[in-house]
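Enquirer: sequence-free structure coming up:
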């Protein structure tokens, strides 16, 4: 082998270029060969020769993949359960007088493992994540224009003829031929927003959410698509059912008030009904699967990992308090509470002790108060400490 | 750029994060390596179910033994080594292979990936057949060596440990193998050329 070839064969990036190329690697070599033109000829020839030796590889099909990750998850969950049972005994001895409630498993989600297979029609996958970098709520119109809504809590109102009213003052017109196309309202972390759709349905969008909706509803059904959390007050129209589509399920209503929490990064999709009735259909529901129907003050949870649906009796008030800047929780995993405040303040909070994630805590938080006050309160209930690492990162110890 | 390239230093950093209990790091490791482990494992044995079981087990072990894992080990090496040991151990337990020494047990069959754009001419097909037959004449350990060199980012030290040979030998063998293949392949191409001319 020539010295160049020896140099290439000892460079893992070269071998990756030959056998497992991707855009980043391709760009790297483009640039490298531009900077080292003398090596170019040898590199390309050697690459051509080596690529003859690309070996065939067995791959896992999607079902096998899903099966493997589900098995890993359930096994890990079992392990953690055993561990936290040990911890609880110790903690209870130490803090016998303090109100820790239960340790419970469920907080442990290797959620990223499972989210890969949630294919979602209509909306491109780039839409899954809300850009953390944008400053405030953004409206992306059907024409593709992006409008910065400036205030961290704002109101959008659509009139019947398709005009957009922002915060009761400014008006934007939209052309009628665009009426059936989708607008997109993007609420970054640290913001909330309210929008009135053309049928007078009111939607509050929580931090880190996206809503896709048409300027006016022209079809037999009123359909919107949600990533994240929203509270709906759907205007009554029995002839035109209102459907909220999420990545895992469709929620169909006639006229009713309910809350949906369907963050892509959460393992559980929650639907809480305050008034009226809703029926929920899983995306992968089989021909014989019945829709899930819930009554007021019931919550349907859908676990993305296990595909299990459960119905609980709840106080719907609790789940809609966020529209008033409050969150209330009763025996909720500490982790879930932390996720809420992460979104609200647009911060990141890591757990240094995984067992802490599953502590169950109860209480009420007024998120309009300062971060510091909220954290002090949480420190007390959970018996932990928030240590600030940098402006936006905290670690719970 | 560096981070996007996901090189050794990137995985060292992920490893460190994982050891502090970061679940995202665990997911990243899983996503990155599951396919590579499948590719490697199914060369060690043709028993697909066994490979899947072993992959599952090594990830569970990874999570469970997290606090005890030694820091400086390269994660790919750790996973490949665990997978190989696991497959060998399970296969022996299942008595599918009766007390064969590891070296004889692993066939490590290599096929050329023919699912490529270049594969359109009869001459391409012939060329690939030639390469295949060259690979078949190699002993299994050499095939594994080539596979590991081409499809992992492990160094000779690590590859040597996986194959129970010393690092220098591993390096020399890779060079020799490549020269050998080139020589034979070149020769055969020449023969092929002659055959085509005659035809």
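Expert: Nice, thanks for sending it over. Since this is a predicted model, take the numbers as computed values, not measurements. Residues are numbered from 1 along each chain as shown, chains lettered A, B, ... in the order given.
Enquirer: isn't residue B:168 right next to residue B:156, touching?
Expert: Yes: with contacts counted by Cβ atoms under 8 Å, residue B:168 reaches residue B:156, the gap being 7.5 Å. To be clear about C-beta, it is placed using only N, CA and C from the backbone, and glycine gets the same treatment.
Enquirer: neighbour-wise, which of these two wins?
Expert: In this view residue B:168 and residue B:156 are compared by other Cβ atoms under 10 Å in any protein chain shown, and residue B:156 has more residues nearby, 21 against 11.
Enquirer: for residue B:173, see how far away the closest residue to the more buried one other than its chain neighbours is.
Expert: The shortest distance from residue B:156 to any non-neighbouring residue, by Cβ to Cβ, 6 or more residues apart in numbering or on different chains, is to residue B:167 (4.0 Å). For residue B:167, the distance to residue B:173 (Cβ to Cβ, to the nearest Å) stands at 11 Å.
Enquirer: of the two, which one has the most company?
Expert: residue B:173 (21 against 14).
Enquirer: please point out which parts of whichever strand or helix holds residue A:226 sit buried.
Expert: In this structure, residue A:226 is located in strand A:222-233 according to DSSP states H and E. Buried residues in strand A:222-233, counted by 16 or more other Cβ atoms under 10 Å in any protein chain shown: A:222, A:223, A:224, A:225, A:226, A:227, A:228, A:229, A:230, A:231, A:232, A:233.
Enquirer: which of the residues you listed sits closest to residue A:6?
Expert: residue A:227 (50.6 Å; Cβ to Cβ).
Enquirer: ranges for the helices of the stretch 1-150 of chain A?
Expert: A:3-9, A:12-19, A:23-35, A:37-51, A:62-94, A:111-115 (DSSP state H, counting those that start in this stretch).
Enquirer: the fifth one - what's its average pLDDT?
Expert: Confidence over helix A:62-94, taken as the mean pLDDT, stands at 68.
Enquirer: look up how far residue A:235 lies from residue B:143.
Expert: For residue B:143 relative to residue A:235 (Cβ to Cβ), the value is 69 Å.
Enquirer: of the two, who's got more company?
Expert: residue B:143 (20 against 17).
Enquirer: got the contact list for the more buried one?
Expert: B:108, B:109, B:110, B:135 (Cβ atoms under 8 Å, 6 or more residues apart in numbering or on different chains).
Enquirer: okay, buried residues for stretch A:367-374 please.
Expert: In terms of neighbour count (16+ other Cβ under 10 Å), stretch A:367-374 has its buried residues at A:367, A:374.
Enquirer: what does stretch A:323-332 contact?
Expert: Counting by Cβ under 8 Å, 6+ apart, A:101-102, A:192, A:194, A:204, A:231, A:317-318, A:321, A:336-337, A:340-341, A:344, A:360-368 sit against stretch A:323-332.
Enquirer: what is the burial count for residue 44?
Expert: You didn't say which chain, so I picked chain A. Residue A:44 has 12 nearby residues by other Cβ under 10 Å.
Enquirer: other chain: chain B
Expert: Neighbour tally, residue B:44, other Cβ under 10 Å: 23.
Enquirer: wait, it sits on residue B:90?
Expert: No: applying Cβ under 8 Å, one finds residue B:44 not in contact with residue B:90, separated by 10.9 Å.
Enquirer: related to what we said a few turns ago, from residue B:159, how far off is the residue nearest to residue B:156?
Expert: Residue B:167 is 8 Å from residue B:159, by Cβ to Cβ.
Enquirer: just the ones of the contacts of stretch A:323-332 in helices?
Expert: A:317, A:318, A:336, A:337, A:340, A:341, A:344 (DSSP state H).
Enquirer: quick check: the farthest pair among these?
Expert: Comparing every pair within these by Cβ to Cβ identifies A:317 and A:341 as the most remote, at 19.6 Å.
Enquirer: among these two, which residue is more densely surrounded?
Expert: The neighbour count for residue A:317 versus residue A:341, taken as other Cβ under 10 Å, is higher for residue A:341 (20 against 12).
Enquirer: any idea how far residue A:367 is from the more buried one?
Expert: For residue A:341 relative to residue A:367 (Cβ to Cβ), the value is 7 Å.
Enquirer: so what sits against both of these two?
Expert: Common neighbours of residue A:341 and residue A:367 are listed as A:327, A:374 (criterion: Cβ under 8 Å, 6+ apart).
Enquirer: mind listing the helices for chain B?
Expert: So, for chain B - with DSSP H - the helices run B:8-19, B:23-44, B:48-64, B:75-93, B:102-105, B:122-137, B:140-151, B:156-163, B:167-198.
Enquirer: for the third one, which outside residues touch it?
Expert: Right, the one you point to is helix B:48-64. A:58, A:60, A:64, A:67-68, A:71-72, A:75-76, A:79, B:26, B:29-30, B:34, B:37-38, B:41-42, B:44-45, B:69, B:79, B:82-83, B:86-87, B:90-91, B:94.
Enquirer: residues contacting residue A:365?
Expert: With Cβ under 8 Å, 6+ apart, residue A:365 has these contacts: A:326, A:327, A:328, A:329, A:337, A:341, A:374, A:377, A:378.
Enquirer: between those residues, which is closest to chain B?
Expert: Using Cβ to the nearest Cβ, residue A:337 comes nearest to chain B of the contacts of residue A:365, at 17.1 Å.
Enquirer: contacts only, for the closest one.
Expert: Here residue A:337 is in contact with A:327, A:329, A:361, A:365, A:378 (Cβ under 8 Å, 6+ apart).
Enquirer: which one of those residues has the most neighbours?
Expert: Most neighbours among the contacts of residue A:337, by other Cβ under 10 Å: residue A:365, with 23 neighbours.
Enquirer: how far away is it from chain B?
Expert: Counting by Cβ to the nearest Cβ, to the nearest Å, the gap from residue A:365 to chain B is 24 Å.
Enquirer: can you tell me how far the closest residue to chain B within the stretch 201-350 of chain A is from residue A:338?
Expert: Nearest residue of the stretch 201-350 of chain A to chain B, counting by Cβ to the nearest Cβ: residue A:350, 7.1 Å away. Distance, residue A:350 to residue A:338, by Cβ to Cβ: 9 Å.
Enquirer: can you list the domains in chain B?
Expert: B:8-100, B:122-198 (automatic domain parsing).
Enquirer: that's all I had, so thanks and see you.
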